[in-house]
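> Here you go, sequence then predicted model.
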Amino acid sequence: MSKEYSIETKCIQSGWKPKNGEARVLPIYQSTTFKYETSDEMGKLFDLEKDGYFYTRLQNPTNDMVAQKICELEGGVAAMLTSSGQAANYYAVFNICEAGDHVIMSSTVYGGTFNLLTVTMKKMGIACTIVDPDADEETLHKAFLENTKCVVAESIANPALVVLDIEKFAKVAHAHGVPLIVDNTFATPINCRPFEFGADIVTHSTSKYMDGHAMSLGGAIVDSGNFDWNQYGDKFHGLTAPDESYHGVTYTEKFGKKAYITKATVQLMRDLGSTQSPMNAFLLNVGLETLHLRMPRHCENALKVASWLERNDKVAWVNYPGLASSKYYHLAQKYMPNGTCGVISFGLKGGRDVSVSFMDHLKLAAIVTHVADARTCVLHPASHTHRQMNDEQLKEAGVQPDLIRFSVGIENADDIIADIEQALANI
Ligand SMILES: *Cc1c(COP(=O)(O)O)cnc(C)c1O
C-alpha cells in the first residue's frame, strides 16, 4: 500500500501500522523474549516453519517496524537493523563471503569500512582488492577474480565526498555475476536511491542523518531483491544450498526474494548478535520522521557555507559535490539532483597548523568525532581519526594534512558562516 506514497509520507507513515485500539506511536518492545502457549509453537519458530518472535537477538517487533520503514524509503524488498553501521557493512559482506573468497572495494570508503575489509576480514580469509572509484570500466574489470563475491562502495564517500558512478559500478559487478553493495549513509534515501541505478544491496550507518540527532548508534541493510543468487550456480551456496544449522533449509527456495535478509537475520544475528536495542530503534524512528525535512536544509546550508568558503582568500581549497566547481558535480546532478549531503571538506592556506588553530577558535561548530547530525560539527582527520599516520601516509590515504571535515548542521546558515568568519579572523 505505502509503496504508492511519496517519500515524505513514507518517512512519517511507513513501518508501524496500528490496528484498532493499538498505540498510535511505535511501541518499544523492551523485552528480550516472547511468550508462547505451547512448546510446539515455539519449536516451529526455531525451525523457521513459522514467522514470529522468540528472542530479541534475532528479531524484535520495534526493530522490524523501523527496518520496514527504511526498506520502503530505499525501495527494497527486505531490511534489517544492526547495532551499528560497522555491523551492517560486516554482515552485508559476510552474508555472501567466506574464507577463500574475494571482495572489491572502492579506495575512498569510510576508514572503519576500510579497516574492516583490509584488516579484520582479511584475518578471516577474505581478500580485498582496492579500486579507484573514478577508474574506467576496463580498469575495474581487471580487479575481478574467480572467487570475487561482491563490490563495496559508498554513494558519497566519507570524508572524501567522492560521488559514486553507481551505474558504472553496477554494470561491471553484474558482468562478473556479483552484487553491488552501496553504503548510502551520507546521501540517505531522501537524496539518492541506489537501487534505481542498479545497486543490489544498500547499507547504512543510521547513527548519522537517519537518527539525525547524534543519539543512537545503529545500522541497516536493505535488499533490492533484484540479484538472482540462483543464476550463478554454486557461487552463493550459503543462500542456494541447504543450511545444516536449520535442518537443511535452502534460503532462496524457502524465502525467495527475502533470502538474503532472512539468512543474515537467522544465521549471522543468531551467531554473532550485533542487534540494535529496541530503544535505539525507537529513537531512530523518531529521527526518520523528519529526515525529509532535515536533508534539504543540511544541503541548502552546506551549499551556502561551501560557496562562502570558496570566495574567501584564506581558504586554500573547498570540496563539496554540490558546488559547480566540484569534479563530482555532474555525477551528483545525475544521482542526487535534489542535493548531496551536509558535509564539506576544505583546507586553509598555511596548512595543517592553521587548520588546527582555526578549529580551536570555532564557537558554534563543535569538535566531535561525529558527522552528519543536526548540530554543526568539525573534525581534523590528521589530528583525530588518522592521527597515527605521517603526512606521507595521509596523502596515500587521500586525506590531506590540512583537511577539515566540516559537517554543516540545520542551524541558521548565517550563524554558521559568522562562526567560521570569526575563527578565521582569530587564527
Ligand atoms: C559512520 C559510518 C559508518 C560506520 O557506522 P557506525 O554507526 O559508526 O558503526 C559506515 N559507513 C559510513 C559511510 C559512515 O559514515
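Now that the structure is in, tell me what you want to look at.
> Which residue does the protein have closest to the ligand?
In the chain, the residue that lies nearest the ligand is residue 85 (2.2 Å; C-beta to the nearest ligand atom). All C-beta spots, glycine's among them, are computed from the backbone N, C-alpha and C.
> okay, now that residue: neighbour count?
Burial measure for residue 85: 25 neighbouring residues, criterion other C-beta atoms under 10 Å.
> and the stretch 151-300 of the chain, which residues reach the ligand?
154, 158, 183, 185, 186, 205, 207, 208, 217, 219 (C-beta under 6 Å from any ligand atom).
> Just give me the least confident of those.
Scanning these for pLDDT, the low point is residue 158. It has 90.
> Now do the same contact list for the nearest residue to that one once chain neighbours are set aside.
In this structure, residue 158 finds its nearest non-sequential neighbour in residue 110, 4.5 Å apart by C-beta to C-beta, 6 or more residues apart in numbering. Taking C-beta atoms under 8 Å, 6 or more residues apart in numbering as the criterion, residue 110 is in contact with 85, 154, 157, 158, 183, 185, 205.
> ok, how many other residues are close to residue 248?
Residue 248: 9 surrounding residues under other C-beta under 10 Å.
> Backbone dihedrals for it, both of them.
Here is the backbone geometry of residue 248 (degrees, to the nearest 10): phi 80, psi 20.
> wait, what's in contact with it?
Residue 248 makes contacts with residue 242, as judged by C-beta under 8 Å, 6+ apart.
> Just to be sure, residue 309 is in a helix?
Yes. Under DSSP: H, G, I helix; E, B strand; the rest coil, residue 309 falls within a helix.
> picking that back up, thought the residue of the chain closest to the ligand was touching residue 211?
No. Between residue 85 and residue 211 there is no contact under C-beta atoms under 8 Å: 10.7 Å.
> what is in contact with these two at once?
Counting by C-beta under 8 Å, 6+ apart, the residues touching both residue 85 and residue 211 are residue 218.
> quick one: pLDDT of residue 374?
97.
> follow-up on the earlier one: out of the residues of the stretch 151-300 of the chain next to the ligand, name the two that are farthest from one another.
Distance extremes for these: the farthest pair is 154 and 217 at 18.5 Å, using C-beta to C-beta.
> quick one: which of these two has more around it?
Neighbour count, other C-beta under 10 Å: between residue 154 and residue 217, residue 154 has more, with 28 against 19.
> In contact with that one, which residues?
When contacts are taken as C-beta under 8 Å, 6+ apart, residue 154 is in contact with 106, 108, 109, 110, 113, 162, 164, 182, 183, 184, 185, 186.
> One more pass at 6 Å, please.
Residues counted as contacts of residue 154 (C-beta atoms under 6 Å, 6 or more residues apart in numbering) are 109, 183.
> among the contacts of residue 110, which ones are buried?
Buried subset of the contacts of residue 110 (neighbour count, 16 or more other C-beta atoms under 10 Å): 85, 154, 157, 158, 183, 185, 205.
> Tell me which entries of the residues you listed lie within strands.
154, 183, 205 (DSSP state E).
> Out of those residues, the closest to residue 260 would be?
Nearest member of these to residue 260, counting by C-beta to C-beta, is residue 183, at 16.2 Å.
> Could you give the bridge partners of that closest one?
Counting by DSSP bridges, residue 183 is bridged to residue 154, residue 203.
> So which residues of the chain form strands?
Using DSSP E, strands in the chain cover 78-82, 102-106, 127-131, 148-154, 180-183, 201-205, 219-223, 315-319, 343-348, 366-367, 377-379, 404-407.
> Format those strands as JSON lines; extra columns: distance to residue 302.
Formatted as JSON lines, the strands of the chain follow (distance: least, C-beta to C-beta, whole Å):
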{"stretch": "strand 78-82", "distance to residue 302": "27"}
{"stretch": "strand 102-106", "distance to residue 302": "22"}
{"stretch": "strand 127-131", "distance to residue 302": "28"}
{"stretch": "strand 148-154", "distance to residue 302": "17"}
{"stretch": "strand 180-183", "distance to residue 302": "19"}
{"stretch": "strand 201-205", "distance to residue 302": "19"}
{"stretch": "strand 219-223", "distance to residue 302": "23"}
{"stretch": "strand 315-319", "distance to residue 302": "11"}
{"stretch": "strand 343-348", "distance to residue 302": "6"}
{"stretch": "strand 366-367", "distance to residue 302": "17"}
{"stretch": "strand 377-379", "distance to residue 302": "13"}
{"stretch": "strand 404-407", "distance to residue 302": "9"}
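> how far away is residue 158 from residue 348?
21 Å (C-beta to C-beta, to the nearest Å).
> what's the answer for residue 144, then?
To residue 348, residue 144 is 41 Å away according to C-beta to C-beta.
> And for residue 192?
30 Å.
> quick one: low-confidence parts of the stretch 1-150 of the chain?
Scanning the stretch 1-150 of the chain for pLDDT under 70 picks out the ranges 1-3.
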